[in-house]
Structure formats: structure tokens, C-alpha cells
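[1] Structural data only, the sequence is not supplied:
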Ligand SMILES: Cc1cn([C@H]2C[C@H](O)[C@@H](COP(=O)(O)OP(=O)(O)O[C@H]3O[C@@H](C)C(=O)[C@@H](O)[C@H]3O)O2)c(=O)[nH]c1=O
């Protein structure tokens, strides 16, 4: 796993073994995962979503503590997957980074607690699966608008994005910050340290 430009985010480039039957790859190995990230992934929930082309989900994040770390891959089709640093006080606050996840390279992205996550489906029947370190708590899950100019995410052309009503009504980064919705970098660092010591 190699770190992305936003601390707390990593990408796995797996070795994919192809043969006459199809392919095989490992997308999670606990010791290597821990060695690379400093985290043990405490698997509490595993999710799967299917999206048609142009569906855009996010930018979502959860309150820290406890936060919700996610380990994401795309098992069918392709997504433009985006990690956003929403941690107030982070040197990279507001910065975003995109990784293509697809059923060819079979990359996976890990996002630590407090980071924002979004993806745009580039194909029909795009299937994304992800492992989560915390269970779903709707009252603790929030969003920032994916087209917010303050974030300036450059989404790929060629699709007409379809957002959920909740995501379409999400605040801008500035509004979310002003209303105290965003996690602080200090609380995230404290949470990371707590997790490192406990696992
Ligand atoms: C996320 C989630 C949703 N749901 C339900 C609530 C709702 O009825 C339906 C769809 O929920 P949403 O519209 O929030 O789903 P979605 O927009 O796909 O939300 C997801 O977006 C990506 C970007 C993430 O990173 C995820 O963590 C999650 O926030 O599924 C659960 O039961 N458990 C869950 O963990």
C-alpha cells in the first residue's frame, strides 16, 4: 500500500493473477495492512452499493470520535473515487485526491476516520464494496456538496451526475465548517493515536 498525498489515505495496487478461469487477487491482508498504514482494520460493517453510470455518492464523512474508516474497492465497472481532507486544522484541509478504482487494476483505497469520501460511477452496474471500522449511524454521518467551488473537485466529463436528494442539499465546505459540522484535525490525530495503541 502506498500513501496518497492526504495523510490518512492509502492505495493498494494488488498483484492480479490471471488464468484461463479468470483472475484472483488478495485485496486485504491484515499484517501488511497494519505495517503500511499503522492501523488494524477493525471490521464492523461491510457495504456494497450498485450504481448506474453517472451516479455520484458523497462527499460523506462521520463525526470523530469515533469516525468511520473505510477500505473501498470496485468489483464491477469503474469509479472515480475521491478522498477529501475535511479535518479542520489539517495542513491539507480542503485538498482532494482521486483514484480510479475498477475491475481491471483492482485497486483499493483506505481512508482513515475524518476523511471525506465520494465516488462517481463511470459505468452502468458499477459495484463498490467497502469495509468499515464502525457501524452505520445516520445521525453521525454528514456530507459536503460534491460540486462545491470551495472544494473544486474536478469530476470527469461525459456523465450527467445523479445525486441523492440528501447529497444535492449538502452544505458547502465553508458552510459545513462554519456550522461546526467538520471534524477537527486534533480530534482525528487523537483518535488515530488511540487506535494505534489499542490494536
Ligand atoms: C451508508 C448506509 C446506508 N444505509 C441505508 C440508508 C438509505 O436508506 C440507503 C442509502 O443510503 P445513502 O444514500 O446514505 O447511501 P450512499 O450515498 O451510498 O452512502 C455512502 O456513500 C459513500 C460515498 C460512502 O463513503 C459511504 O460511507 C456511504 O456514506 O441505505 C444503511 O442502511 N447502512 C449504511 O451503512
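    Received, thanks. Computed from a predicted model, the values in this text were never measured in an experiment.
[2] Could you list the buried residues of stretch 191-199?
    191, 192, 195 (16 or more other Cβ atoms under 10 Å). For the C-beta atoms, the positions are set from N, CA and C on the backbone; glycine is no exception.
[3] Tell me who's in contact with residue 181.
    Residues near residue 181 by Cβ atoms under 8 Å, 6 or more residues apart in numbering: 142, 171.
[4] Would you mind measuring from it to residue 141?
    11 Å (Cβ to Cβ, to the nearest Å).
[5] what's the nearest residue to the residue in the chain that the ligand sits nearest to if we skip its chain neighbours?
    The nearest approach of the chain to the ligand comes at residue 136, 3.1 Å away (Cβ to the nearest ligand atom). For residue 136, ignoring the flanking residues on the chain, the nearest one in space by Cβ to Cβ, 6 or more residues apart in numbering is residue 45 at 6.4 Å.
[6] Next, the contact list for that neighbour, please.
    131, 132, 134, 135, 136.
[7] Contact partners for the residue nearest in space to the middle of the chain?
    Centroid-nearest residue in the chain, with Cα atoms, centre = their mean: residue 117, separated by 3.7 Å. For residue 117, the contact set (Cβ under 8 Å, 6+ apart) comprises 58, 59, 60, 61, 70, 72, 81, 82, 83, 84, 111.
[8] Just to be sure, it is in a helix?
    No. Residue 117 sits outside any helix when classified using DSSP: H, G, I helix; E, B strand; the rest coil, being strand.
[9] who does it bridge with?
    residue 60, residue 83 (DSSP bridges).
[10] Can you report how many residues neighbour residue 48?
    The number of residues packed around residue 48, counting by other Cβ atoms under 10 Å, is 9.
[11] Please, which helix or strand holds it?
    strand 45-51 (DSSP states H and E).
[12] Break down this protein into its strands, ranges please.
    Assigned strands in the chain, in chain order: 2-3, 9-12, 17-19, 22-24, 45-51, 56-62, 70-76, 78-85, 96-102, 108-111, 115-121, 126-132, 141-143 (criterion: DSSP state E).
[13] In a markdown table, list those along with mean pLDDT and distance to the ligand.
    A markdown table is the format used below for the strands of the chain (pLDDT from 0 to 100; distance: least, Cβ to the nearest ligand atom, whole Å):
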| stretch | mean pLDDT | distance to the ligand |
| --- | --- | --- |
| strand 2-3 | 96 | 20 |
| strand 9-12 | 98 | 13 |
| strand 17-19 | 98 | 29 |
| strand 22-24 | 97 | 26 |
| strand 45-51 | 98 | 5 |
| strand 56-62 | 98 | 4 |
| strand 70-76 | 98 | 6 |
| strand 78-85 | 98 | 9 |
| strand 96-102 | 98 | 12 |
| strand 108-111 | 98 | 8 |
| strand 115-121 | 98 | 4 |
| strand 126-132 | 98 | 7 |
| strand 141-143 | 98 | 6 |
